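Peer 1: The sequence and its predicted three-dimensional model are supplied below.
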Amino acid sequence: MAHDVRDLRTLNGASLEMIPQGLPKASNLQRTLKSSIGCSGIGLHSGVRVAIKLHPAPANSGITFKRIDLVGGGSEIPARWDRIADSRMCTVLSAENGVSVATVEHLMAAFYGMSIDNAVVELNGPEVPAMDGSAAPFIFLMECAGVLEQTETRKHLRILKPIVYSHDNKEVALTPAEANLKLNFSIDFSAPAIGQQSCSFDIDRDVFKAEISKARTFGFLSDVTALREAGLARGGSLENAIVVDGDRVLNEDGLRHSDEFVRHKLLDAIGDLYLTGHRIVGEFHGTCSSHADTASLLRLVFADDSNWDLIEAPEDGLASADQTWDRPLKQATAG
């Protein structure tokens, strides 16, 4: 059965709480959606209205984007780190033929937060809709569609040694951890409305939904003209982004968290990290970093097979230190 939620731009915190419950308990099995579901919205950078539809997909197929607006039935783009074509202001993935899809990070973060391993994302335009600038509307879609456990076991990407990428005052790192994905992020902006912020979370479905998913993307009023002249932020508005002007937040409803800015940066990092194709057992550290820095970190991770292995966990990334992990399942690639 397919669902169509149409335009979700008007969803607010109250309506997002009205989400069906009773999702499957954590396990080590792969997951997809129970049914197809779609909506529409404006692309943050393109300004183009795009319809998006999420579909179930077979086990071991991963997340795939499909442009259905193109001649010949569209082009499929795997959601993988080696498909990153641009990461200046958002993460852009590209197929071998050059067809691309932009701003995938919020949706990818929602897939990670919902423990969705396999799905097909159909788009009739060049960019994932911004919705309200967070991952919460995509969580809403997935919970309405339902989550289905599959018969195949999930493989987790375990980080075996510290990998660090630094550039100017920015730094990103992945280090070994006993279980789960833990993220630490810190930012430092000259705008008084933001300033210095930091946060740290161990990621599971409940934490992602309650603490991270609603954090919105943000921008500066002083940058709007330059960004639009560069072909970016053409769809940006107070409906899908926090806009900062010095010491002021221009959105009438204010902030959803006192540290919403750094929480959104952490959300972006989760979405970009899921381009590994797997849930991660490791700890991520980001300092004033961007999409481009995380993309560079992923290239370093996969440049050396001794940095990682693939393992099976007894539960959905929730294994404690005294639980037994199955033997390593290293393959030629983890993409």
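Peer 2: That came through fine. Everything numeric here is computed off the predicted structure, so don't read it as measured data.
Peer 1: Which segments of the protein make up each domain?
Peer 2: 3-153, 156-311 (automatic domain parsing).
Peer 1: Lowest average pLDDT across those domains?
Peer 2: In terms of mean pLDDT, the lowest-scoring of those is domain 3-153 (a mean of 86).
Peer 1: now the helices: where do they sit in the stretch 101-250 of the chain?
Peer 2: 105-113, 136-145, 205-207, 224-229 (DSSP state H, counting those that start in this stretch).
Peer 1: Most tightly packed of the ones you listed?
Peer 2: Comparing the helices of the stretch 101-250 of the chain by mean neighbour count (mean count of other CB atoms under 10 Å), helix 105-113 ranks first with a mean of 27. The C-beta positions use only the backbone N, C-alpha and C, and glycine is treated the same way.
Peer 1: now it and helix 136-145, what's the angle there?
Peer 2: With axes from the mean of the first three to the mean of the last three CA atoms, to 10 degrees defining the directions, helix 105-113 sits at 40 degrees from helix 136-145.
Peer 1: Can I get helix 105-113 in PDB? Just the C-alpha atoms.
Peer 2: Below are the C-alpha coordinates for helix 105-113, written out as PDB (Å, rounded to 0.1, in the frame of the first residue of the first chain):
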ATOM      1  CA  GLU A 105      22.300  14.600   4.100                       C
ATOM      2  CA  HIS A 106      19.100  15.200   6.100                       C
ATOM      3  CA  LEU A 107      17.300  12.300   4.500                       C
ATOM      4  CA  MET A 108      20.400  10.000   5.000                       C
ATOM      5  CA  ALA A 109      20.500  11.100   8.700                       C
ATOM      6  CA  ALA A 110      16.900  10.100   9.000                       C
ATOM      7  CA  PHE A 111      17.600   6.700   7.400                       C
ATOM      8  CA  TYR A 112      20.400   6.200  10.000                       C
ATOM      9  CA  GLY A 113      18.200   7.300  12.800                       C
END
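Peer 1: Could you list the residues in contact with that helix?
Peer 2: 63, 79, 90-91, 119, 121, 128, 130-131, 133-135, 138-139, 142, 203, 205, 208-209, 212-213, 217, 267-268, 270-275, 279, 291 (CB atoms under 8 Å, 6 or more residues apart in numbering).
Peer 1: Repeat that for stretch 75-89.
Peer 2: 45, 62-67, 91-95, 97, 99-102, 104, 108, 227, 232-233, 272, 274-277, 290-292, 294-295, 298-299, 302, 335.
Peer 1: Which of the residues you listed fall in strands?
Peer 2: The members of these that map onto strands under DSSP state E are 63-67, 92-94, 100-101.
Peer 1: In CSV, list these along with neighbour count and distance to residue 154.
Peer 2: Shown next, in CSV, are these (neighbours: other CB atoms under 10 Å; distance: CB to CB, whole Å):
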residue, neighbour count, distance to residue 154
63, 25, 13
64, 17, 17
65, 26, 21
66, 19, 23
67, 20, 28
92, 22, 27
93, 23, 22
94, 16, 27
100, 19, 28
101, 26, 25
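Peer 1: What is the nearest of those residues to residue 244?
Peer 2: The shortest approach to residue 244 among the ones in strands among the contacts of stretch 75-89 belongs to residue 92, at 24.3 Å (CB to CB).
Peer 1: who's in contact with that closest one?
Peer 2: Applying CB under 8 Å, 6+ apart to residue 92 gives the contacts 84-86, 100-104.
Peer 1: Tell me the one of those residues nearest residue 159?
Peer 2: residue 84 (19.2 Å).
Peer 1: List the buried residues in stretch 190-198.
Peer 2: Going by neighbour count (16 or more other CB atoms under 10 Å), the buried part of stretch 190-198 is 191, 193-194, 197.
Peer 1: Ok, stretch 154-167 next?
Peer 2: Applying a neighbour-count criterion of 16+ other CB under 10 Å, one finds 154-160, 163, 165 buried in stretch 154-167.
Peer 1: Next step: those residues restricted to strands.
Peer 2: Within the buried residues of stretch 154-167, residues falling in strands by DSSP E are 156-159, 163, 165.
Peer 1: how far away is the closest residue to residue 291 other than its chain neighbours from residue 275?
Peer 2: Among residues not flanking residue 291 along the chain, residue 87 sits closest, at 4.0 Å (CB to CB, 6 or more residues apart in numbering). As judged by CB to CB, to the nearest Å, residue 87 and residue 275 stand 10 Å apart.
Peer 1: Mind checking which of these two has more residues around it?
Peer 2: A direct count of neighbours by other CB atoms under 10 Å for residue 87 and residue 275 places residue 275 higher, at 24 against 17.
Peer 1: Could you measure from the more buried one over to residue 262?
Peer 2: Distance of residue 275 to residue 262, given as CB to CB: 21 Å.
Peer 1: can you give me the strands in the stretch 1-150 of the chain?
Peer 2: Assignment of strands within the stretch 1-150 of the chain using DSSP state E, counting those that start in this stretch yields the ranges 3-7, 29-33, 37-42, 49-56, 63-67, 75-78, 84-86, 92-94, 100-101, 119-123, 147-153.
Peer 1: And the contacts of the fourth one?
Peer 2: It refers to strand 49-56. For strand 49-56, using CB under 8 Å, 6+ apart, the contacting residues are 2, 32-43, 118-129, 141-142, 145, 148.
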